[in-house]
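>>> this one's sequence-less:
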């Protein structure tokens, strides 16, 4: 029986990955922080190990020697500047710690779950693995730290880390309670008066975790794999969402108005000290319309894409089953 070590196991992608590993007959060691909500994770019967990615000494103790695969999924998806310092620690230093632990324990494969954010996509971009990244000096910390975390992984390949990097787009599917699920809830509560003008590639999380498993068998060390999805504008996304909810779809805001609303929300957050629903960084990201090409992942990993309507419906059905919308 093969053994997998998964960081970020209680998160959106982590839960889907642990579920798929369990189905495929792997022994799964799920790394989580103390105090994490384990309700869903325990349903897949992994071995639970408490280890924070910021605590370097704890990671080698949790990680078996010669483990078949390390899946590094732990990350901060944050667009609120007061939390940038914490995000940098988790995404960059945390990745460095997991890399060092994997090298120390001679991991046989390392799969790093990154994002198309590592390219800092711009308006009209069509991204593949050869596209130059703007992220190194980008003002959006999430973009910058996703790129930096990849450098931690790829720079360790010459030291013997058998690492592959996966770069999915916007993710939809079961177990999402914090990312697009948040917008679904806002739409239901009529707290989404205007829609952003951008768009991008949407991936079903189950297609992404299938690619992660395939990366163990067929991925090449030192390679990045773009997991482009089905392109849709955010207006098209909420056309589906609002139809499922039975509420009218809000109008699309021009970029300048969306940015202005974000600035007002950000100003109020400085008084309330509460994270706003829309931050300036978020508004900038959601105002961009871009796409990606995943030919390399399709050829080498057998990556496939489920229809967009099914991606939205599966997300909606899970949220409804959890009484989150």
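Nice, I can see it. Model, not experiment: these values are computed from the prediction.
>>> so which strand or helix has the residue nearest to residue 313 when sequence neighbours are not counted?
Nearest non-adjacent residue to residue 313, counting by C-beta to C-beta, 6 or more residues apart in numbering: residue 244, 7.1 Å away. Bear in mind the C-beta positions are built from the backbone N, C-alpha and C, glycine included. When elements are assigned from DSSP states H and E, residue 244 belongs to helix 234-245.
>>> go through the next helix or strand after that helix and flag the buried ones.
Sequence-wise, the next helix or strand downstream of helix 234-245 (DSSP H and E) is helix 255-272. Neighbour-count burial for helix 255-272, counted by 16 or more other C-beta atoms under 10 Å, picks out 255, 258, 259, 261, 262, 265, 266, 269.
>>> so what's the second one up against?
By that I understand residue 258. Counting by C-beta atoms under 8 Å, 6 or more residues apart in numbering, residue 258 touches 194, 196, 197, 278, 283, 286, 287.
>>> hang on, residue 29 in a strand?
Yes. Counting by DSSP: H, G, I helix; E, B strand; the rest coil, residue 29 is part of a strand.
>>> look up how far residue 90 lies from it.
Distance, residue 29 to residue 90, using C-beta to C-beta, to the nearest Å: 20 Å.
>>> ok, back up a step: closest one of the contacts of residue 258 to residue 152?
Set against residue 152, the nearest of these by C-beta to C-beta is residue 286 (27.5 Å).
>>> what's the burial count for the residue nearest to the closest one when sequence neighbours are not counted?
Taking C-beta to C-beta, 6+ apart, and ignoring the residues beside it in sequence, residue 286 has residue 196 as its nearest neighbour in space, at 3.5 Å. Residues near residue 196, counting by other C-beta atoms under 10 Å, number 28.
>>> now for residue 196: which residues touch it?
234, 252, 253, 258, 283, 286, 287.
>>> wait, what's in contact with the closest residue to residue 135 other than its chain neighbours?
Take residue 135 and drop its neighbours on the chain: the residue closest to it by C-beta to C-beta, 6+ apart is residue 147, 3.5 Å away. When contacts are counted by C-beta under 8 Å, 6+ apart, residue 147 touches 117, 118, 119, 120, 133, 135, 136, 138.
>>> quick check, residue 147 in a strand?
No. Counting by three-state DSSP, residue 147 falls outside a strand, being helix.
>>> ok so, going back, including pLDDT, could the contacts of residue 147 go into CSV?
Below are the contacts of residue 147 laid out as CSV (pLDDT from 0 to 100):
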residue, pLDDT
117, 97
118, 98
119, 98
120, 97
133, 97
135, 97
136, 95
138, 95
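>>> what is the most widely separated pair among those?
Taking C-beta to C-beta, no two of the contacts of residue 147 sit farther apart than 117 and 136, at 12.7 Å.
>>> so those two - more neighbours on which side?
Using other C-beta under 10 Å as the criterion, residue 117 and residue 136 rank with residue 117 on top: 23 against 12.
>>> please name the nearest non-neighbouring residue to the spatially most central residue of the chain.
Relative to the mean C-alpha position of the chain, the nearest C-alpha, by C-alpha atoms, centre = their mean, is the one of residue 115, at 6.2 Å. Nearest residue to residue 115, sequence neighbours excluded (C-beta to C-beta, 6+ apart): residue 146, at 5.2 Å.
>>> now do the same contact list for that neighbour.
75, 91, 114, 115, 117, 118, 135.
>>> which of these fall in strands?
For these, not one is inside strands, with DSSP state E as the criterion.
>>> neighbour-wise, which of those leads?
residue 91 (27 neighbours).
>>> tell me, what's the model's pLDDT at that residue?
On pLDDT, residue 91 comes in at 98.
>>> so residue 48 makes contact with residue 32?
Yes. With contacts counted by C-beta atoms under 8 Å, residue 48 reaches residue 32, the gap being 6.5 Å.
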